[in-house]
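Peer 1: quick one, fold the following:
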Amino acid sequence: VLVDEFLLYYDPEVIKELDVIFLVKADREIIKKRRKERTSYITIEGYFEDSPDYFDKIVWPNYIKFHKHLSLNEQSSDLIDGEKNELVVIEDMLVFDSNHDGIFGANLEKLLKR
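Peer 2: So this is what the prediction gives:
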């Protein structure tokens with residue numbers, strides 16, 4: 001089973017249930033471009049369309065907030081919104097950089113060995 005969600009690696013209870021843990025990181029501009037290409041989607045509540053400032057006000061701040069504990073950002077901190085964050089240590093997590101073409105093909109062997 002493959003589970004995809006950027007908030008997964010924030011909850012230690014979820015982490016315990018995962019056999020192979022990997023994260024495909026991307027820089028702000030790539031994430032913003034991908035988000036703009038997906039302008040609308042269906043949710044439980046119905047049809048949702050991003051407002052023009054949704055990425056800058058919601059998506060990116062939450063991406064940073066929920067990844068700080070993984071030390072993926074140079075500005076990493078153990079504080080989230082001014083509160084102490086319990087550091088989640090994820091051993092053997094594979095981190096791929098989406099800025100490189102063929103990222104999964106080049107690392108497929110690593111994934112299959114797990």
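
Peer 1: let me know the pLDDT of Tyr54.
Peer 2: Looking at Tyr54, its pLDDT stands at 91.

Peer 1: for it, give me its contacts.
Peer 2: Arg35 (C-beta atoms under 8 Å, 6 or more residues apart in numbering). Bear in mind the C-beta positions are built from the backbone N, C-alpha and C, glycine included.

Peer 1: quick one: the helices in the chain, in order.
Peer 2: Remark: helices assigned in the chain by DSSP state H are 12-16, 28-37, 54, 60-65, 103-112.

Peer 1: dump the ones you listed into JSON lines; add distance to Met93 as well.
Peer 2: What follows is those, written out as JSON lines (distance: least, C-beta to C-beta, whole Å):
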{"stretch": "helix 12-16", "distance to Met93": "9"}
{"stretch": "helix 28-37", "distance to Met93": "19"}
{"stretch": "helix 54", "distance to Met93": "29"}
{"stretch": "helix 60-65", "distance to Met93": "17"}
{"stretch": "helix 103-112", "distance to Met93": "11"}
